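[1] quick one: sequence and predicted model below, then my questions.
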There are 2 protein chains.
Amino acid sequence: MSLLGIDLGGTKLATAVFSEEAELLRQECLPLEKRSGAAVGALLTAQVSKLLQEQLQQGDPVSAIGACVPGISNRKDSTVWAPNIPGWENYPLAAEIMAVAPGIPVAIDSDRTCYIMGEAWKGAAQGCTDAIFIGVGTGIGMGIMADSHFLRGSNDAAGAIGWMTMERSWLPKYRQCGHFETLASGDGIAKVARELLSADVSYNGVLRNNAGERLNAAAVFAAYEQEDPLARRIIAECIVWWGMAVANLVSIFNPEKIIMGGGVFGPAIPLIPAIYEEASKWGQPLSMNSVEIVPSQLGAMAGCWGAGWLALQAIKAAND
Amino acid sequence: MSLLGIDLGGTKLATAVFSEEAELLRQECLPLEKRSGAAVGALLTAQVSKLLQEQLQQGDPVSAIGACVPGISNRKDSTVWAPNIPGWENYPLAAEIMAVAPGIPVAIDSDRTCYIMGEAWKGAAQGCTDAIFIGVGTGIGMGIMADSHFLRGSNDAAGAIGWMTMERSWLPKYRQCGHFETLASGDGIAKVARELLSADVSYNGVLRNNAGERLNAAAVFAAYEQEDPLARRIIAECIVWWGMAVANLVSIFNPEKIIMGGGVFGPAIPLIPAIYEEASKWGQPLSMNSVEIVPSQLGAMAGCWGAGWLALQAIKAAND
């Protein structure tokens, strides 16, 4: 028997099949290609149908399905909200999957919660009871494992640390996605770079040649590697914000590990000691001394692994 | 059968006896009178012995004991650490209580965790699955109920929000107890008042007449009631810090309720709408819209109620 894990993002649909013993058997990734609304659901259910059929033909049928979405999974009515997929407000994802997978348990959660579930099952949080996943991608989110429980909040919106404030002067630009996300997410880094390029007309480095969509977080990290002064200034700021956020989460949760990951964070892994140093100025000293800050072990596969673990839990729930 | 709840503070020992149906049967409060180390333990165990004897004589013997301490209760070795009680590092409180209460289950936790347990049992968090207690006393701490679990962290140090940073400029004065506690706890308010009095020699209001220990948070609140300009400035700052902290906790936990309490917070209850307004600028909008910010219902008795609930859990654990 196998487990199907689905990680739906704003631009791609990743799927993976696992054994119940946490082995990755196969994986695929399909681009959404500007699909929206029901067309995204149709792509996803077609992929589910295909994988169920193929696993059946291989004599290793899928026994449960887990899925994660970039937004909120409402446990009360089994719908999802994914702000980056047009038309996915209260979208009946669970019902659509169950319709093509009769008799197979289905569980759905938010991507940030699945990231920490995945790391706990097969990544950097294995053996931990208390660990936090900070996902720095287009936005910033957090998955929380506390005392071996995964926290979702009263309306499934827990972990929205993009909204954390670490600076008392409020600015209108924080209204859309919060202080931390505005300054230190992938989109935030690109926006800060654009602001600084406009403000500093004397700057003539590599980032000046990046215009429009090419001026993204990856371009800033690449310029940072080349010791570009503007990029160094931007990344030095990010280290402060990431460090302060880590400190706050360490003081609040007293976790064993803070796991840093997400689509944008990869090139920042060498910065983890600097992030820890900044955090150490602020965090509760006993908790700071005992915490480890580590990179994600699962990288882009964290969501699929978490969805696979969710599938495993769905079997257990169905058997209870 | 009755439950004994003990709330040990830095200056007092409060005890209460409850029925298993959550009725308060009796309560007492003894001052520590500058006791330290084993003398505090002796006072506590003498009080336990007395209450066990009296309940036995009344035909309603104590079936379990819960206690909370102002610091950390180490689950690993059953000792406690209470920084405000000299000599209470790794203090064997559980062993001392068990020695005078043979055969009776004993459970110990931190005061901040007991505050939210008490509010969940008989106060403002009844019926909630997700609620946070922010205790503003001499320091600032937080009790966390998330998905009906009480969180303690990997080393029992969770909830140390006195260390939360909400301002990027680090100052050496934050080293002792953190940014938030330095600026917005009871001690913090008094320190800020002293700093402003020194800096503003032209001020000649009521706080000028308060010297030394009399210049405490209660004096600042009293002056605030009288519309003293310095006090209004201090409290306006506190509203900002409390509001930002509330926002961060709402974004992280998506709770149903934030409960504000603690020994200093009482006169600040009318400020809750202003705290909510500040928080609304910063917090995740969906979570801010659904959260209620409410005062503690149990006030100074929250710790005893939480310890009573702990006692009830100790019975259940002993019967498992």
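    Yep, that arrived.
[2] so where do the helices sit in chain A?
    A:37-57, A:93-100, A:111-122, A:179-184, A:186-199, A:217-225, A:229-253, A:272-282, A:285-290, A:302-319 (DSSP state H).
[3] most tightly packed of those?
    helix A:111-122 (a mean of 28; mean count of other CB atoms under 10 Å in any protein chain shown). C-beta: built from backbone N, CA, C; applies to glycine.
[4] helices or strands up against it?
    Contacts defined by 3 or more CB pairs under 8 Å, 6 or more residues apart in numbering or on different chains; DSSP states H and E place helix A:111-122 against strand A:62-69, strand A:131-136, strand A:140-146, strand A:149-150, strand A:257-261, helix A:302-319.
[5] okay if I get these as CSV plus distance to A:Asn210 and mean pLDDT?
    Output for the helices and strands packed on helix A:111-122, formatted as CSV (distance: least, CB to CB, whole Å; pLDDT from 0 to 100):
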stretch, distance to A:Asn210, mean pLDDT
strand A:62-69, 31, 98
strand A:131-136, 20, 97
strand A:140-146, 22, 97
strand A:149-150, 39, 98
strand A:257-261, 25, 98
helix A:302-319, 28, 95
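[6] reformat those as JSON lines; add distance to A:Ile85.
    JSON lines is the format used below for these (distance: least, CB to CB, whole Å):
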{"stretch": "strand A:62-69", "distance to A:Ile85": "8"}
{"stretch": "strand A:131-136", "distance to A:Ile85": "18"}
{"stretch": "strand A:140-146", "distance to A:Ile85": "16"}
{"stretch": "strand A:149-150", "distance to A:Ile85": "23"}
{"stretch": "strand A:257-261", "distance to A:Ile85": "22"}
{"stretch": "helix A:302-319", "distance to A:Ile85": "15"}
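[7] any idea which residue of the stretch 101-250 of chain A lies closest to chain B?
    Residue of the stretch 101-250 of chain A nearest chain B, by CB to the nearest CB: A:Gly153 (2.6 Å).
[8] and for the closest residue to that residue other than its chain neighbours, the neighbour number?
    Nearest residue to A:Gly153 in three dimensions, chain neighbours excluded: B:Asn254, at 2.6 Å (CB to CB, 6 or more residues apart in numbering or on different chains). B:Asn254 has 27 neighbouring residues, counting by other CB atoms under 10 Å in any protein chain shown.
[9] what about B:Asn254, distance to A:Val17?
    Noted for B:Asn254: a distance of 32 Å to A:Val17, by CB to CB, to the nearest Å.
[10] what do you get for A:Met145?
    24 Å.
[11] wait, A:Asp147 sits on B:Ser148?
    No. Counting by CB atoms under 8 Å, A:Asp147 does not reach B:Ser148; the two are 11.7 Å apart.
[12] between the two, which one's more packed in?
    A:Asp147 (16 against 11).
[13] got a list of what the more buried one touches?
    Neighbouring residues of A:Asp147 by CB atoms under 8 Å, 6 or more residues apart in numbering or on different chains: A:Thr129, A:Asp130, B:His149, B:Leu151, B:Arg152.
[14] could you rerun that using 10 Å?
    A:Thr129, A:Asp130, A:Phe253, B:Ala146, B:His149, B:Phe150, B:Leu151, B:Arg152, B:Gly153, B:Ser154, B:Ala158 (CB atoms under 10 Å, 6 or more residues apart in numbering or on different chains).
[15] now, of those residues, which are buried?
    A:Asp130, A:Phe253, B:Ala146, B:Phe150, B:Leu151, B:Arg152, B:Gly153, B:Ser154, B:Ala158 (16 or more other CB atoms under 10 Å in any protein chain shown).
[16] and the contacts of A:Asp147 as JSON lines, adding distance to A:Tyr174?
    Formatted as JSON lines, the contacts of A:Asp147 follow (distance: CB to CB, whole Å):
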{"residue": "A:Thr129", "distance to A:Tyr174": "34"}
{"residue": "A:Asp130", "distance to A:Tyr174": "29"}
{"residue": "A:Phe253", "distance to A:Tyr174": "24"}
{"residue": "B:Ala146", "distance to A:Tyr174": "26"}
{"residue": "B:His149", "distance to A:Tyr174": "31"}
{"residue": "B:Phe150", "distance to A:Tyr174": "32"}
{"residue": "B:Leu151", "distance to A:Tyr174": "28"}
{"residue": "B:Arg152", "distance to A:Tyr174": "32"}
{"residue": "B:Gly153", "distance to A:Tyr174": "29"}
{"residue": "B:Ser154", "distance to A:Tyr174": "32"}
{"residue": "B:Ala158", "distance to A:Tyr174": "27"}
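[17] and of these, the nearest to A:Arg35?
    When the contacts of A:Asp147 are compared for distance to A:Arg35 (CB to CB), B:Ala146 wins out at 35.6 Å.
[18] contacting residues for the closest one?
    A:144, A:146-147, A:149-154, A:158, B:129-132, B:252-255.
[19] try 7 Å
    A:Ala146, A:Leu151, B:Asp130, B:Phe253 (CB atoms under 7 Å, 6 or more residues apart in numbering or on different chains).
[20] what lies in contact with stretch A:74-84?
    A:10, A:69-73, A:88-95, A:108, A:156.
[21] repeat for stretch A:91-105
    Here stretch A:91-105 makes contact (CB under 7 Å, 6+ apart) with A:41, A:45, A:48-49, A:52, A:62, A:64-65, A:67, A:69, A:78-80, A:106, A:108, A:314-315, A:317-318.
[22] what residue ranges in chain A score low on pLDDT?
    For chain A, not a single residue meets the criterion pLDDT under 70.
[23] break it down into its domains, please.
    In terms of domains, chain A is parsed into A:2-118+A:300-319, A:126-296 (source: automatic domain parsing).
[24] distance between the ends of stretch A:102-109?
    The stretch stretch A:102-109 measures 20 Å between its terminal residues, going by CA to CA, to the nearest Å.
[25] can you list the buried residues in it?
    A:Ile104, A:Pro105, A:Val106, A:Ala107, A:Ile108, A:Asp109.
[26] so what's the third one up against?
    For A:Val106, the contacting residues are A:Ile65, A:Ala94, A:Ile97, A:Met98, A:Ala314, taking CB under 7 Å, 6+ apart as the criterion.
[27] 10 Å instead?
    Shown in contact with A:Val106 (CB under 10 Å, 6+ apart): A:4, A:6, A:48, A:64-67, A:78, A:93-98, A:310-311, A:314, A:318.
[28] burial measure for A:Pro70, as a count.
    Neighbour count of A:Pro70, defined by other CB under 10 Å: 24.
[29] do I have it right that A:Gln47 meets A:Leu32?
    No. Counting by CB atoms under 10 Å, A:Gln47 stays clear of A:Leu32, with 11.5 Å between them.
[30] how many other residues sit next to A:Ala67?
    Residues near A:Ala67, counting by other CB under 10 Å: 30.
[31] that one: what's it in contact with?
    Here A:Ala67 is in contact with A:4-8, A:13, A:15, A:44, A:48, A:73, A:80, A:93-94, A:97, A:106-109, A:111, A:114, A:303-304, A:306-307, A:310-311 (CB under 10 Å, 6+ apart).
[32] quick check: bridge partners of it?
    Counting by DSSP bridges, A:Ala67 is bridged to A:Ile6, A:Ile108.
[33] please report how far it lies from B:Glu20.
    44 Å.
[34] again with A:His179
    A:His179 sits 47 Å away from B:Glu20, going by CB to CB.
[35] residues contacting the residue with the largest distance to the centre of chain A?
    Distance to the chain centre peaks in chain A at A:Ser202, reaching 36.9 Å (criterion: CA atoms, centre = their mean). Contact partners of A:Ser202, counting by CB under 10 Å, 6+ apart, are absent.
[36] next one: A:Ala236 from A:Phe253, what distance?
    Taken as CB to CB, the span from A:Ala236 to A:Phe253 is 26 Å.
[37] and A:Ile293, by the same measure?
    From A:Ile293 across to A:Phe253, the span is 13 Å (CB to CB).
[38] which bits of the stretch 201-320 of chain A sit near chain B?
    Contacts of the stretch 201-320 of chain A with chain B, taken as CB under 10 Å from any CB of the partner chain, map to A:237, A:240-241, A:243-245, A:247-257, A:278-279, A:281-291.
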